[in-house]
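>>> give the three-dimensional model of this entry:
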Amino acid sequence: MTQKVYICRHGETEWSLSGQHTSTSDIPLTENGVKQAESLKPVLAKLEIAHTLSSSLQRARHTAEIAGFPNPVIDDDLFEWRYGDCEGLTTVDYQKSHPGWELFDTGAKGGESPEQVSARADRLIEKIRKMDGNVVCFTHGHFSRILGMRWVGLSVREAKHFILSTACLCTLGFKRGDPVIELWNDTHHWSG
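Residues are numbered from 1 along each chain as shown. Reported below is the predicted structural model:
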């Protein structure tokens, strides 16, 4: 296979800047987030892309639009990990009432379990692999990490070791038929 999947995390929001867990809260991009999204446009314009997918949340859709993809197909499987009780809280804040808590190990009360979000990523990968041509996905930080891990057959729990910046670009592909991560957390287009 020669298909490539480009993952674009949305640009900066107030909550991504502060480290607050943001899934169902539909937070807009900051002014800096808009600039980050603009910096993706010349990079993505050089790529051969047959399909554009996005989360339904405005931060992902707006990033897609600014980056030159105004009409992405909305796919609910690209939605951010649903955080339940830790929505709007930082990890440190949530750990005050849940000592030792780690999202990738247990999920959060009232939200998705690691197994549920893993199944969502697997379902998305199955759909993508049936598509002809390269795909770009505009999505979110934690879900992007899970998508990368599941692409290469690793568990959701391994995603805690792979950091992602806002408006970064990742590339998933194949080498000799095996799924691989070709590029991870590339921010050179905006960090200069």
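>>> mind listing the helices for the protein?
If DSSP state H is used as the criterion, the helices of the chain fall at 14-18, 31-45, 58-66, 91-97, 103-106, 114-129, 141-151, 188-191.
>>> please identify the most buried of these.
Looking across these with neighbours counted as mean count of other C-beta atoms under 10 Å, the highest average goes to helix 141-151: a mean of 24. All C-beta spots, glycine's among them, are computed from the backbone N, C-alpha and C.
>>> hmm, who's touching that one?
Residues from elsewhere that reach helix 141-151, judged by C-beta atoms under 8 Å, 6 or more residues apart in numbering: 5, 7, 9, 16, 55, 78-81, 103, 117-118, 120-122, 124-125, 137, 139, 155-156, 158-160, 162, 164, 166, 170, 172, 179, 181, 184.
>>> whichever of the residues you listed end up buried, select them in ChimeraX.
Buried members of these, identified by 16 or more other C-beta atoms under 10 Å, are gathered into one ChimeraX selection as follows:
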select :5,7,9,16,55,78,79,80,81,103,117,118,120,121,124,125,137,139,156,158,159,162,164,166,170,172,179,181,184
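>>> if we can go back for a sec, for the helices of the chain, which has the smallest mean pLDDT value?
Ranked on mean pLDDT, the bottom entry among those is helix 188-191, at a mean of 69.
>>> and the helices of the chain: which comes nearest residue 1?
The closest approach between residue 1 and any of these, judged by C-beta to C-beta, belongs to helix 114-129 at 7.8 Å.
>>> hang on, the earlier thing: can you list which of the contacts of helix 141-151 are found in strands?
With strands identified by DSSP state E, the entries of the contacts of helix 141-151 that belong to them are 5, 7, 9, 137, 139, 170, 172, 179, 181, 184.
>>> could I get the residues you listed as JSON lines with pLDDT and distance to residue 151?
JSON lines is the format used below for the ones in strands among the contacts of helix 141-151 (pLDDT from 0 to 100; distance: C-beta to C-beta, whole Å):
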{"residue": "5", "pLDDT": "98", "distance to residue 151": "7"}
{"residue": "7", "pLDDT": "98", "distance to residue 151": "9"}
{"residue": "9", "pLDDT": "98", "distance to residue 151": "15"}
{"residue": "137", "pLDDT": "98", "distance to residue 151": "11"}
{"residue": "139", "pLDDT": "98", "distance to residue 151": "13"}
{"residue": "170", "pLDDT": "98", "distance to residue 151": "10"}
{"residue": "172", "pLDDT": "98", "distance to residue 151": "5"}
{"residue": "179", "pLDDT": "98", "distance to residue 151": "5"}
{"residue": "181", "pLDDT": "98", "distance to residue 151": "7"}
{"residue": "184", "pLDDT": "98", "distance to residue 151": "11"}
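>>> make JSON lines out of those and add distance to residue 92.
As requested, those are arranged in JSON lines below (distance: C-beta to C-beta, whole Å):
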{"residue": "5", "distance to residue 92": "33"}
{"residue": "7", "distance to residue 92": "27"}
{"residue": "9", "distance to residue 92": "22"}
{"residue": "137", "distance to residue 92": "29"}
{"residue": "139", "distance to residue 92": "25"}
{"residue": "170", "distance to residue 92": "26"}
{"residue": "172", "distance to residue 92": "31"}
{"residue": "179", "distance to residue 92": "34"}
{"residue": "181", "distance to residue 92": "29"}
{"residue": "184", "distance to residue 92": "25"}
